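1. Take a look and give me a structure for this.
(chains A and B)
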Number of protein chains: 2
Amino acid sequence: MPKRIVPCKLTAAAFAGHGQVIEKDGADSFPINNGKCIRFHDLVNIDLAGPSARPIVSLFSSKPYALPLTLRMVERHPLGSQAFYPLSRNPFLVTVCDDEDGTPVNPQAFITAPGQGVNIGRDVWHGVLTPLGEHADFIVVDRGGEGNNHQMHVFDVPYVIEPPA
Amino acid sequence: MPKRIVPCKLTAAAFAGHGQVIEKDGADSFPINNGKCIRFHDLVNIDLAGPSARPIVSLFSSKPYALPLTLRMVERHPLGSQAFYPLSRNPFLVTVCDDEDGTPVNPQAFITAPGQGVNIGRDVWHGVLTPLGEHADFIVVDRGGEGNNHQMHVFDVPYVIEPPA
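-> Residues are numbered from 1 along each chain as shown, chains lettered A, B, ... in the order given. The predicted structure follows:
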């Protein structure tokens, strides 16, 4: 029997152990450009490891997913954080796990509000990019450079992520 | 008499001396996530100088501008590139100059198409972020760290940037 997970609303506090939420709410902000623009400043911890590490900017264009969804696999990037910001105001699902001696445990799922992105911490187990309902594009800041930056874990018993309560 | 500038469409070729266009067209791309997602990969040169340099991610929320527009001032960041990607499909104006012995010359203006962002190269003279028509939000990747990363130049005679031909 698959175990069932009910996603919560994404908040900075709930996500704190796994990365940061990219959003205006609660951010350090100040006016620039002669008052015409507000800068919500330095929102995430871009955490890149290894001597050849460099930040890279990419665009991801993903087909949508629907809930309930079967979570068979998570992955992690031991050498770099990975920031995702949506180019639409549609929600996406963010799934993260704790780590126990190299094994992902205690999966938690979050659904974003409009204007929210996430930066998934270096070495944090997470599900793949999961836009809900509609095809969606994202801008992504992650790591380039040498080294093996990808680990995968397939669950013996998959989880089912339900629609939110 | 102010000098007049007519903006062109933004293209990778036209912008090549000043930075990179962030767009899917012409990008290296490949499928990920079991074919559900296309990654348009490593689109810009994030160029950060100095021992304490680190990439930072911010959100900018700017009031709109209208053309014709008087360009009185440009700035540059000697220690870091600055990438801007819009969160709407509205156009923005990108103004850059060549440098001649520390003085900005030969201003050129570009208007973006939907889906285009820009990465302004390190030390490239440029106008401030200039969304056209409507209030607009952008995600920005630039440089944090010690050092003076800001220079400004006020033109003796301002330029006027006209609506596109």
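2. On the pLDDT front, check the closest residue to residue A:54 other than its chain neighbours for me.
-> Using CB to CB, 6 or more residues apart in numbering or on different chains and skipping the chain neighbours, the partner closest in space to residue A:54 is residue A:144 (4.9 Å). Every residue, glycine included, has its C-beta placed from N, CA and C. Here the pLDDT value assigned to residue A:144 is 97.
3. How about residue A:49?
-> Looking at residue A:49, the pLDDT reads 97.
4. Then residue A:2?
-> For residue A:2, the predicted pLDDT is 79.
5. Name all residues that make contact with the most far-flung residue of chain A relative to its centre.
-> Relative to the centre of chain A, and counting by CA atoms, centre = their mean, the farthest-placed residue is residue A:34 at 33.9 Å. Counting by CB atoms under 8 Å, 6 or more residues apart in numbering or on different chains, residue A:34 touches residue B:128.
6. Just to be sure, it is in a strand?
-> No - Residue A:34 sits outside any strand when classified using DSSP: H, G, I helix; E, B strand; the rest coil, being helix.
7. Read off the pLDDT value for it.
-> Residue A:34 carries a pLDDT score of 94 in this model.
8. Just give the closest residue to residue A:110, not the sequence neighbours.
-> Setting aside the residues directly before and after it, residue A:110 is nearest to residue A:10 in space (CB to CB, 6+ apart), at 3.9 Å.
9. could you check the distance from the one you found over to chain B?
-> Separation of residue A:10 from chain B (CB to the nearest CB, to the nearest Å) stands at 16 Å.
10. show me the contacts for that residue.
-> A:21, A:94, A:110, A:111, A:112, A:113, A:116, A:118.
11. now with 7 Å?
-> Residue A:10 makes contact with A:21, A:94, A:110, A:111, A:112, A:113, A:116, according to CB atoms under 7 Å, 6 or more residues apart in numbering or on different chains.
12. doesn't residue A:11 make contact with the third one?
-> No - if you go by CB atoms under 7 Å, residue A:110 and residue A:11 don't touch, sitting 8.1 Å apart.
13. out of these two, which sits in the busier spot?
-> residue A:110 (23 against 15; other CB atoms under 10 Å in any protein chain shown).
14. Just list whatever residues bridge to the more buried one.
-> The partner list for residue A:110 in beta bridges (DSSP bridges) reads residue A:8, residue A:94.
15. got the contact list for it?
-> With CB under 7 Å, 6+ apart, residue A:110 has these contacts: A:7, A:8, A:9, A:10, A:14, A:15, A:94.
16. now do 10 Å
-> A:7-11, A:14-15, A:18, A:21, A:91-96, A:116, A:118, A:164 (CB atoms under 10 Å, 6 or more residues apart in numbering or on different chains).
17. mind checking how far the residue nearest to residue A:110 is from residue A:21?
-> Applying CB to CB, to the nearest Å, the value for residue A:10 to residue A:21 is 6 Å.
18. Over to residue A:89: give its phi and psi.
-> Taking degrees, to the nearest 10, you get phi -100, psi 10 for the backbone angles of residue A:89.
19. typo on my end, it should be residue A:15
-> When read as degrees, to the nearest 10, the backbone of residue A:15 gives phi -90, psi 0.
20. That one touches residue A:109, doesn't it?
-> No - in this structure residue A:15 lies outside contact range of residue A:109 using CB atoms under 10 Å: 11.2 Å.
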